[in-house]
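**Student:** model this:
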Amino acid sequence: MTSLPETAPTKPAGMPPAPSAAAPDAAPASECAPVPTSEDLLALAYRSHEVITEHQHAGGAYPASPTFSAYRGYAWLRDGSFTAEGISRWGDVDSADRYHDWVSRVLGARREQVDGLVADAARGVEVPLDRMLPTRFTFDGLDGSDPWWDFQTDGYGTWLWSLVAHAQRHGGDLTRWLPGIEVAVDFLAAFWDLACYDWWEEHVEHRHVSTLGAVAGGLRDIAESGVLDAERADRARAASQGAATLALNQGVVDGHLVKWLGTAAVDGSLPSCIVPFRLAEPGGELATGTLSRVAADLDVDGGVHRFRADVFYGGGQWLLLSALLGWNLAVAGDRDGALRHLHWIAAHATATGEMPEQVPDHLLHPDTRAEWIERWGEVAAPLLWSHGMYLILADELGFLEGRSL
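**Tutor:** Numbers count the residues shown, from 1 in each chain. Below you'll find the model as predicted:
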């Protein structure tokens, strides 16, 4: 999802410290809500599955948000692939299969386009960004009709990781999705090292560590799966190793991963480089240092900001990032820390159990929030990615085992 339309307010040049007080009009829900019971948490997991599958398109796509003006009618590979992981963990194999079928069809239909891109790059032709594969698609697999910041490679790596994880969990045959897999691998192998937009559709001039982590992890997992021919598997491994080496050599400062190469700042997406993408091994010094720095800079009361210069809707706390950090804490053995994030997310679901994209409890730049509401309306709710990440964290903590209610 984006945070910078063409008429967006200008971002601060510096990286101001995160405020410790809530915006004047916000009463942090986590300070008021009772601690949810196990039954409450499981009921919200049921509701998350319901919201996701209710809005899944007949063709298999997971809409980013069915109601939000800027997201309605589009599916992102990044959002959808994390959502599919949550659905796969829930055990809804059919829904996850249909999502992966959709991605494979959409990418497989672009075989000729990718062949042309790769051939031009091999001849030394500089390929303009508007010829690259997009980061979002309409439900019928077409490019969007409105201008967007589309060149983002992380979604392709994320899909490969999500697909392999789903197939391994449920005994799926990866050859079912081979047309899309081969297109994704060829595209990433040719263009992984280019600067591109980040998770938030910003800063196309930089190489982002979270992007490199997703590319490295997805290509490694698909290369190890055995579904690729030998030559393509070798190219996938080489690109995976190249992305990982670049990120680890130039994307580490003071013992932690950074937002992009050449900065010391962090981003709420960085925990993905540990779990699930394994750029840094869980429990290792780099992983521990990264999680500690992200928590210190971006976690307030269990809710996680994207980055400290964020002005999108005032720079609120994102439910999906709280789940991502909690997921990492759970894998690292910090169950209490992970539960803190699960409880925070549950406290910020709406009365009908829908999860928004972000909440305004502790806005980083509250003076910019009204401009976004005027431009695009209220914050996206439901955001299917938020629901998918809740399912992942709830499963990691054991709340989906032998479920009842």
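**Student:** show me what contacts Tyr156?
**Tutor:** 77, 133, 184, 187-188, 215, 218 (Cβ atoms under 8 Å, 6 or more residues apart in numbering). C-beta coordinates here come from the backbone N, C-alpha and C atoms, glycine included.
**Student:** same check, this time on Asp97
**Tutor:** Taking Cβ under 8 Å, 6+ apart, one finds 166, 172 in contact with Asp97.
**Student:** list of residues touching stretch 389-403?
**Tutor:** 38, 41-42, 44-46, 48-49, 82, 85-87, 89-91, 319-320, 323-324, 326-327, 330-331, 335, 338-339, 341-342, 345-346, 355.
**Student:** likewise for stretch 132-144?
**Tutor:** With Cβ under 8 Å, 6+ apart, stretch 132-144 has contacts from 57, 59, 61, 63-64, 73-78, 102, 105-107, 109-110, 113-114, 117, 148-152, 155-156, 187, 191, 197, 201.
**Student:** put the alpha carbons of that stretch into CSV.
**Tutor:** In CSV, the C-alpha atoms belonging to stretch 132-144 read as follows (Å, rounded to 0.1, in the frame of the first residue of the first chain):
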residue,chain,number,x,y,z
MET,A,132,8.4,-3.5,-15.5
LEU,A,133,5.8,-5.9,-14.0
PRO,A,134,3.5,-4.0,-11.6
THR,A,135,3.1,-4.5,-7.9
ARG,A,136,-0.7,-4.6,-8.0
PHE,A,137,-3.2,-6.0,-10.4
THR,A,138,-6.9,-5.6,-11.1
PHE,A,139,-8.8,-8.8,-10.2
ASP,A,140,-8.8,-9.9,-13.9
GLY,A,141,-5.0,-9.5,-13.9
LEU,A,142,-4.5,-6.3,-15.7
ASP,A,143,-2.4,-3.2,-14.8
GLY,A,144,-4.2,-0.4,-13.0
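**Student:** buried ones in that stretch?
**Tutor:** 132-139, 141 (16 or more other Cβ atoms under 10 Å).
**Student:** now it: how far from the chain's centre is it?
**Tutor:** 17 Å (Cα atoms, centre = their mean, to the nearest Å).
**Student:** what do you get for stretch 359-369?
**Tutor:** 22 Å.
**Student:** repeat that for stretch 126-142.
**Tutor:** Per Cα atoms, centre = their mean, the centroid offset for stretch 126-142 relative to its chain is 18 Å.
**Student:** from here on, count from 5
**Tutor:** Renumbered: residue one is now 5, and that last one reads stretch 130-146.
**Student:** and that stretch, how far apart are its ends?
**Tutor:** 24 Å (Cα to Cα, to the nearest Å).
**Student:** using CSV, write out every CA atom in the helix or strand in which Val107 is found.
**Tutor:** Using DSSP states H and E, Val107 sits in helix 97-112. Taking C-alpha atoms only, helix 97-112 is exported to CSV below (Å, rounded to 0.1, in the frame of the first residue of the first chain):
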residue,chain,number,x,y,z
VAL,A,97,-6.5,-24.9,1.7
ASP,A,98,-9.1,-24.2,-1.0
SER,A,99,-9.0,-20.4,-0.5
ALA,A,100,-5.2,-20.3,-0.4
ASP,A,101,-5.0,-22.5,-3.5
ARG,A,102,-7.4,-20.3,-5.4
TYR,A,103,-5.2,-17.2,-4.5
HIS,A,104,-2.1,-18.9,-5.7
ASP,A,105,-3.9,-20.1,-8.8
TRP,A,106,-4.8,-16.5,-9.5
VAL,A,107,-1.2,-15.3,-9.2
SER,A,108,0.1,-18.0,-11.4
ARG,A,109,-2.4,-17.2,-14.1
VAL,A,110,-1.7,-13.5,-13.9
LEU,A,111,2.0,-14.0,-14.1
GLY,A,112,1.9,-16.8,-16.6
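**Student:** give the buried residues for that helix.
**Tutor:** 99-104, 106-112.
**Student:** repeat that for stretch 358-378.
**Tutor:** Those buried within stretch 358-378 under the rule 16+ other Cβ under 10 Å are 358-370, 372-373, 376.
**Student:** one step back: which pair in the contacts of Tyr160 has the greatest spatial separation?
**Tutor:** Leu137 and Gly222 (14.2 Å; Cβ to Cβ).
**Student:** and stretch 377-393, which residues are buried?
**Tutor:** Quick answer for stretch 377-393 (16+ other Cβ under 10 Å): 380, 383-393.
**Student:** helices along this structure, start to end?
**Tutor:** Counting by DSSP state H, the chain has these helices, from start to end: 33-36, 42-59, 81-94, 97-112, 115-126, 158-174, 182-195, 213-229, 234-254, 289-302, 323-335, 339-351, 373-380, 388-400.
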